[in-house]
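> What would the 3D arrangement of this be:
(chains A and B)
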Amino acid sequence: MARKTGILVLASVLLASIASICDSAAIFNPISDAHRSAASELFSLSDGSFGSLEETYEALRTFVVLGIEKEPVIRTSVCASVAETLSSPSSALKDLFQALRVNGILKCEINDKAFAEIAFRLKDSVNAANLLLDFYHSIGGLMLIKDQTSEVDVHLGDADRIFRSIKALSQSDGRWRYSSNNPESSTYAAGIALETVAGLISLASSEIDHSLVATIKNDIMKLFDGVERYDDGACYFDEKFVDAHGHQDPLSASSSVVRGITAFATATEESLNLPGDKIMGLAKFFLGVEIPGSAKDLYHQIDALACLGNSRVSVPLILSLPATVLSVSRKDQLKVRVNTVLGSSAPPLSVKLMQIFSSGSKDASVIDQELKFDPDHAVHVLETLPKNIDVGKYIFSFEISLQDPEHKKRYITGGRTKVPIYITGLIEVNNAEIAVLDSDIGSIEMQKKLDLSGENDVALLANHLQKLRLSFQLTTPSGKAFKPHQQAFLKLRHESGVEHIFVVGDSGKKFEIILDFLGLVEKFFYLSGKYDIQLTVGDFVMENSFLRSLGHVELDLPDAPEKAARPPPQLVDSYSRYGPKAEIIHIFRSPEKRPPRELSLAFLGFVLLPFIGFFAGLLYLRVNLKNLPRSTVPATFAFLFHLGIASVLLLYALFWFKLDLFTTLKALGILGIFLMFVGHRTLSHLASVSAKLKSA
Amino acid sequence: MAGRKFTAISLLMLNLLSLLPLLTISFSHDQPTDRRILVLLDDLALKSSHSIFFTSLQSRGFDLDFKLADDPSIAVKRYGQYLYDGLILFSPSTDRFGGSLDLEGVLDFVDSGHDLILAADVSASDLIRSVAAECGVDFDEDPSAMVIDHIGYAVSQIEGDHTLIAADDFVQSDIILGNAKIEAPVLFKGTGHSLNPDNSLVLKVLSASSSAYSANPASKLSNPPSLTGSAISLVSVVQARNNARIIISGSLDLFGNRLFRSGVQKAGSSYKYEKSGNEQFVTELSKWVFHERGHLKAVNLKHNKVGGTDEPSMYRINDDLEFSVEIYEWTGASWVPYVANDVQVQFYMMSPYVLKTLSTDLKGLYHTSFKIPDVYGVFQFKVEYQRLGYTSLSLSKQIPVRPFRHNEYERFITTAFPYYGASFSMMAGFFIFSIVYLYNK
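Numbers count the residues shown, from 1 in each chain, chains lettered A, B, ... in the order given. Prediction:
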């Protein structure tokens, strides 16, 4: 639940959780210029104003705390709106309160008469109030008037009664309700209530009952018992109450509580004896938010930090390091800065480096060395790193000790602060060589020296009965053997894109890897051919991490058996997937082969020859037409008969040219009947003529 | 009478008015840009820590609805209608969503053409991993693994574990990343993923350098890491066939204010950029994913015979035809003609018979002409246009192609003239013979 509603920026949670893996150390930086530029960005003027009076107050308050000068630009317009709100008798209580708050910063010219009228109204509403927010606005308003003018009497007579009616809204766990009708309690309301009570105490005309004040102190303690905690030491107050806008964020709730307790501590002028680590945790929480993205969150963060920075409760001191990555080769010095949460300078103090833990091992070397203070830059400097510190990752433990015993009561230092430090340096690489060995005897077949500071291009040949050996040495700047924590990879990349990665082992003195190809053929998917060799050595403390191509080895592996695993599919290049495809043109069927036109025409001539022969035959036989009927009727029928035959033949010719079968058959039918009729007449006439001739 | 008329008109107006908001805000094919976006967060603080990203979306007119990922009131669908056009999942540690949303629901949401931004992180939950896996992205199985690069890291005074990477290996696509070149490297801190080689829709937008690997920075490596080199993808996108778009990032911080504002200096280079490329990268990517860019539409697919204007119901083999289609591109505000020289049409039956590149008049019209193959059957005009970053166009129109009719073949073949000559001389001979035979004496 805490994880889900927690306010910390996920980034910092992450950072924190990673840090918690390595001994729960984290650095929180005080408010810096980044906040100032973010504030100018977030509280931007639209139409010359910040919006409502509440937003204006939040903007102005943030600017005041951060020390940004922006008042003159908006002063006139805001003062006009403040004066208008204050003089209007119909202004709501809340608006009056906000207007007074703005006026508290801008100090507009409001006459005492107006203040007196408002004070009268506010006093009335205090007596009539039964909602927490009504109490808050009216008592808060009276407090603001008290600060702004001394002429108006703002003292409340019946303070004990009012106190009791506010206290009636508190819950047993230290949280408060907004009204007696609403059973839901809220942490935000607790902060408001504490502020109200603090106001009431300073406005009371007579001393408030001590036992009442003690119950409030008790409530505060209970509230602090319910504080939530992150792994990195940050504390916050969770908010379970969901308001009308659905907001329930711990940032505003924690901020409200911090405002409440500081106001209460100031008003009662008593020590609350709050646990120092929780106050420190709250400060860490607000700083852990880094730069919030919304104006409201920024106001809550900055206002709460301002309260913590000047509070009477106790002021947390934040130890921060400008750099935690220190380079041996650049001779970086370890610098520590101690500030208040708002980034202002701390009282005179000394910082001691107590212990150094090296990562991976539990044992710590105790140093107890005081850092030298550099007043020009306000930093504490460790001039030389301890002798036994080589490159690597360490956790430095610092302790702040205040010089003035008086300050020890006022400031909290949070005990020992553990900070992860990376010491980086240039690592020397030498004795690098690559060799191909014969498997059974181990004799060296081929050996090449490598220069890992530059490019290499070795060409090796090996088969599956041989081994490949690569070795090199790494030395730290102080001359010891360096063991990379992380990355010493040998990569073999086949032409087809299949990659194999091996971690180069470390035998204490040198790095060496022996690849026995006999055992690797299966892993290599029986792929023979050229393999590019690449060596990557890197570590976070190694300033010269490198990735070098060493050349290639030509592997001759046996053929794959049938059941061997196939290489995994390689990712297709995404660019090649998209381009246009090659055009496709349809190849049409070629037309059939035909003889040349001349040949056809020649054959046409040959085919027509018999016809000419037929004519010649007719002439040779001296045919005549003497048998034509002489009389009119048979002659007509004979003429029609031959005309019919001619038209049938013509029809055939037409059929060939253009007509289709159906038209042709239709016409042929009609012509056939006609032909039958005239043919019969003609032939019977001819028959009768020849019969007459025979009989004659 | 007049009163009744008035009531009728006012009723009509009321109906129109009630329709109006639907018409103006809902996702439509005429306005492909998304409008309503559901943002699911692990923690409401993200709203503030990632405010620059959210504000830039809001200022571009998106309507963001923030909810905690376990909010029981989450619903993306009501009465079969989707309530949102896009989903942003900034909830890497959520094991299950609240309300009615689940893995199925997210996939259905994408399957119905909606867009998704998914940000995972170190120790992402199984739910988030399975959403990513369904999109073709496999995160490193080791939940504590981060991408580490000892050569391409971002120089930092306070972070020494080289997990903050300055990545500058972007995809070469103006459509996805905008016209302006991203000068400064993008800061990335999170977990890496690999792409499933079987998925052809997913592609790397931001890749790690060849010296990167994915491992737990706190522990010593004894086995080779599962992900190394430029095979590690830091940010990937999916352009689905239904035009849904997905961004998958292995880092939630990538979208956060802290990295947006932070300066960047890549290890080994002496130049320090004032501001990282994150803001530009994320903004441009979000423009792409929410369809403010790279959305194509094709209209008026037309074809006709050369010389004609009407679209025939059928073609004959060997006809010459003209084909045209209009393609427009969405700019976020209006449709403008799309200009490219690689739009192709296929004349397709089982396989393409003709594949031709269309020529354009630079006003959106693409046209070409070709001869129909001498194969008959039911063909399709197909325009399959898939380009990096653009939505895919897939149009097809069916058209039958018939063979020659019996009377469409060549009528008088010279080769056959001897036969014709024989017939006709025979016929003429018969005619003469019939006369001679009957009347000779």
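
> Helices of the stretch 301-441 of chain B, start to end?
B:417-439 (DSSP state H, counting those that start in this stretch).

> How about the residue positioned nearest the centre of chain B, nearest residue that isn't a chain neighbour?
The C-alpha lying nearest the average C-alpha coordinate of chain B belongs to B:Thr391 (Cα atoms, centre = their mean; 3.0 Å). Nearest residue to B:Thr391 in three dimensions, chain neighbours excluded: B:Asn243, at 4.5 Å (Cβ to Cβ, 6 or more residues apart in numbering or on different chains). Bear in mind the C-beta positions are built from the backbone N, C-alpha and C, glycine included.

> Reduced to three states, what does the one you found come out as?
coil (DSSP: H, G, I helix; E, B strand; the rest coil).

> That one: neighbouring residues, count only.
The local packing of B:Asn243 (other Cβ atoms under 10 Å in any protein chain shown) involves 19 other residues.

> Dump the C-alpha coordinates for stretch B:105-114 into PDB.
What follows is stretch B:105-114, C-alpha atoms only, in PDB (Å, rounded to 0.1, in the frame of the first residue of the first chain):
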ATOM      1  CA  GLY B 105      -8.700  -6.300 -22.200                       C
ATOM      2  CA  VAL B 106      -5.500  -4.400 -23.100                       C
ATOM      3  CA  LEU B 107      -4.900  -6.700 -26.100                       C
ATOM      4  CA  ASP B 108      -8.500  -6.300 -27.200                       C
ATOM      5  CA  PHE B 109      -8.100  -2.600 -26.900                       C
ATOM      6  CA  VAL B 110      -5.100  -2.700 -29.200                       C
ATOM      7  CA  ASP B 111      -6.800  -5.200 -31.500                       C
ATOM      8  CA  SER B 112      -9.600  -2.800 -32.100                       C
ATOM      9  CA  GLY B 113      -7.100  -0.200 -33.400                       C
ATOM     10  CA  HIS B 114      -6.300   1.800 -30.400                       C
END
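
> Can you give me the buried ones in that stretch?
B:105-106, B:109-110, B:113-114 (16 or more other Cβ atoms under 10 Å in any protein chain shown).

> And for stretch A:386-397?
A:389-397.

> who's in contact with it?
A:22-23, A:25, A:328, A:334, A:353-359, A:364-365, A:367, A:369, A:416-425, A:427, A:476-478, A:480, A:482, A:485, A:540-542, B:160 (Cβ atoms under 8 Å, 6 or more residues apart in numbering or on different chains).

> among the residues you listed, which are in strands?
A:334, A:353-358, A:364-365, A:367, A:369, A:416-424 (DSSP state E).

> Can you name the residue of the stretch 451-600 of chain A nearest chain B?
Residue of the stretch 451-600 of chain A nearest chain B, by Cβ to the nearest Cβ: A:Gly538 (2.8 Å).

> any idea what sits nearest A:Gly293, other than its immediate chain neighbours?
Spatially, and ignoring its direct neighbours in sequence, A:Gly293 is nearest to B:Ser51 (2.6 Å; Cβ to Cβ, 6+ apart).

> Let me see the contact set for that neighbour.
A:292-294, B:257.

> Distance of it relative to A:Ser545?
36 Å (Cβ to Cβ, to the nearest Å).

> same deal with B:Glu311?
66 Å.

> These two - which one has more neighbours?
For B:Glu311 versus A:Ser545, neighbours defined as other Cβ under 10 Å are more numerous around A:Ser545 (24 against 13).

> Show me where the stretch 101-250 of chain B has its strands.
For the stretch 101-250 of chain B, the strands defined by DSSP state E, counting those that start in this stretch occupy B:115-119, B:137-139, B:146-149, B:165-167, B:169-170, B:186-188, B:193-195, B:202-207, B:212-215, B:233-239, B:245-249.

> Now the closest residue to B:Asp71 other than its chain neighbours: phi and psi?
Distances taken as Cβ to Cβ, 6+ apart place B:Gly98 nearest to B:Asp71, at 4.5 Å, with adjacent residues excluded. With angles defined as degrees, to the nearest 10, B:Gly98 shows backbone torsions of phi -80, psi 170.

> Next up, the contacts around B:Gly98.
B:67-74.

> repeat that for 6 Å
B:Gly98 is in contact with B:70-72, B:74, counting by Cβ atoms under 6 Å, 6 or more residues apart in numbering or on different chains.

> Quick check: the farthest pair among those residues?
Within the contacts of B:Gly98, B:Asp70 and B:Ile74 form the most distant pair, 8.4 Å apart (Cβ to Cβ).

> Now find how far off-centre stretch B:383-390 is within its chain.
When distances are taken as Cα atoms, centre = their mean, to the nearest Å, stretch B:383-390 is centred 7 Å away from the chain's centroid.

> Can I get the buried part of the ones in strands among the contacts of stretch A:386-397 as one PyMOL selection?
Here is the PyMOL selection string for the buried members of those, based on 16+ other Cβ under 10 Å:
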select buried, chain A and resi 334+353+354+355+356+357+358+367+417+418+419+420+421+422+423+424
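
> when you check chain B, which of the ones in strands among the contacts of stretch A:386-397 turn up near it?
Filtering those for proximity to chain B (criterion: Cβ under 6 Å from any Cβ of the partner chain) leaves A:Tyr422.

> Name the SS class of A:Pro89, please.
The three-state label given to A:Pro89 by three-state DSSP is coil.

> domains of chain A?
Segmentation of chain A into domains, based on automatic domain parsing, reads A:1-30+A:155-313, A:318-424, A:428-556, A:612-695.

> Now do the third one: distance to the chain's middle.
From the chain centre to the centre of domain A:428-556 is a distance of 36 Å (Cα atoms, centre = their mean).

> for the second one, same thing?
For domain A:318-424, the distance from its own C-alpha centre to the chain's C-alpha centre is 34 Å (Cα atoms, centre = their mean).

> Name the surrounding residues that touch the helix or strand hosting A:Thr215.
For A:Thr215, the host element (DSSP states H and E) is helix A:210-225. Residues from elsewhere that reach helix A:210-225, judged by Cβ under 6 Å, 6+ apart: A:163, A:170, A:173-174, A:190, A:197, A:261, A:278.

> what does stretch A:531-543 give?
Outside stretch A:531-543, the residues that touch it by Cβ under 6 Å, 6+ apart are A:391-392, A:422, A:424, A:426-427, A:484-494, A:545-553, A:555, B:150, B:160-162, B:211.
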